[in-house]
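Enquirer: Sequence and predicted structure are below.
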Amino acid sequence: MNIGVLGSGIVGQTVGGKLAELGHSVVLGTRDPANVDEKKGYAPSLGEWLAGAGPNARLGTFAEAAAHGAVIVNALNGLVSVEVLRPLAASLDGKLLIDISNPLDFSRGMPPAVLTYEGGASLAEEIQRALPGARVVKTLNTLTASLMVNPRQLADGDHSVFLSGDDAAAKAQAADILRSFGWRDIIDMGGLASARGAEMILPIWLQLFGTFGNPQYNFKIVR
């Protein structure tokens, strides 16, 4: 499958690399595809990522990644997601858009504020409003990047991931991708409005990061 991953930080690189490893044709969208030497925050440089990602992966602009993908992964910073995605609306029409991002405002330090939109909407809902033709599904935003693509690193995979979306077929397609990563406990929380809850988990997640000193943990819903 052709997949476009928007965002080249640690989340985009990790998810894009795993998708390429699974045999998908991946274009990793970034602001400057020619700049392959600069470190990307906690992530390697794009040159290092390309060297490890193999023949199924390449770099492109955001527009090139959006045009390439039958499925799109939004791994952009949550605060700029709508701004970057809106001009790509025509390329995203009818496509599954998996939104992994979180609208975290660190401008006043820690803990960050989780921003909401008109009517208390989540970022996922705001993306859907900006891209009415896309099929937005929220998932994977409640854990660290390495666990997103390899849940068996922790408790042999016995922990939970959440799924929100208004399109049942899009959620089923997203769940298939999650299962290909190794996820077993995929909790469908309902419509896209339920992404409000998933995004609000982040203050607890970040507090635990400070408590444990590392991000190798997740939530398990016992029922």
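Expert: Received the coordinates, thanks.
Enquirer: C-alpha from now on. contacts and neighbour counts both.
Expert: Fine.
Enquirer: Show me where the chain has its strands.
Expert: Counting by DSSP state E, the chain forms strands over residues 2-6, 25-29, 57-60, 71-74, 96-99, 104-105, 113-114, 135-139, 160-165, 185-190, given from the N-terminal end onward.
Enquirer: In this structure Ser101 contacts Val80, no?
Expert: No. Assessed by Cα atoms under 8 Å, Ser101 is found out of contact with Val80, at 9.8 Å.
Enquirer: Among those two, which residue is more densely surrounded?
Expert: Summary of the neighbour comparison: Ser101 and Val80, criterion other Cα atoms under 10 Å, with Ser101 having more neighbours (25 against 11).
Enquirer: what's near enough to touch that one?
Expert: When contacts are counted by Cα atoms under 8 Å, 6 or more residues apart in numbering, Ser101 is found next to 74-78, 81, 141.
Enquirer: Phe219: neighbouring residues, count only.
Expert: The criterion is other Cα under 10 Å. On that basis, Phe219 has 13 neighbouring residues.
Enquirer: Of the strands of the chain, which shows the lowest average pLDDT?
Expert: Least confident of those, judged by mean pLDDT, is strand 113-114 with a mean of 78.
Enquirer: any idea how far Gly109 is from the residue nearest the centre of the chain?
Expert: Note on the chain: the residue nearest the mean C-alpha position is Ile100, at 2.4 Å, using Cα atoms, centre = their mean. Between Ile100 and Gly109 the distance, using Cα to Cα, to the nearest Å, works out to 22 Å.
Enquirer: what are the C-alpha coordinates of stretch 188-198, in CSV please?
Expert: The C-alpha trace of stretch 188-198 is given here as CSV (Å, rounded to 0.1, in the frame of the first residue of the first chain):
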residue,chain,number,x,y,z
ASP,A,188,-13.0,1.4,19.7
MET,A,189,-14.3,4.4,21.7
GLY,A,190,-16.9,5.4,19.2
GLY,A,191,-17.2,8.6,17.1
LEU,A,192,-14.5,11.2,16.5
ALA,A,193,-15.8,13.2,19.4
SER,A,194,-14.4,10.5,21.7
ALA,A,195,-10.9,11.7,20.6
ARG,A,196,-11.4,14.5,23.2
GLY,A,197,-10.9,11.9,25.9
ALA,A,198,-7.9,10.3,24.2
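Enquirer: For that stretch, which outside residues touch it?
Expert: Surrounding stretch 188-198, the residues in contact under the criterion Cα under 8 Å, 6+ apart are 121-125, 136-138, 141-142, 162-167.
Enquirer: how about 10 Å then?
Expert: The contact list for stretch 188-198 (Cα atoms under 10 Å, 6 or more residues apart in numbering) reads 99, 102, 116, 120-125, 128, 136-142, 161-168, 171-172, 175, 201.
Enquirer: Quick check, Gly54 in contact with Gly17.
Expert: Yes. With contacts counted by Cα atoms under 10 Å, Gly54 reaches Gly17, the gap being 8.3 Å.
Enquirer: Give the residues shared as contacts by the two.
Expert: Listed as contacting both Gly54 and Gly17 by Cα under 10 Å, 6+ apart is no residue at all.
Enquirer: Scan the helices and strands of the protein for the one with the lowest mean pLDDT.
Expert: Evaluated with mean pLDDT, DSSP states H and E, the helix-and-strand set of the chain has its lowest mean pLDDT in strand 113-114, which scores a mean of 78.
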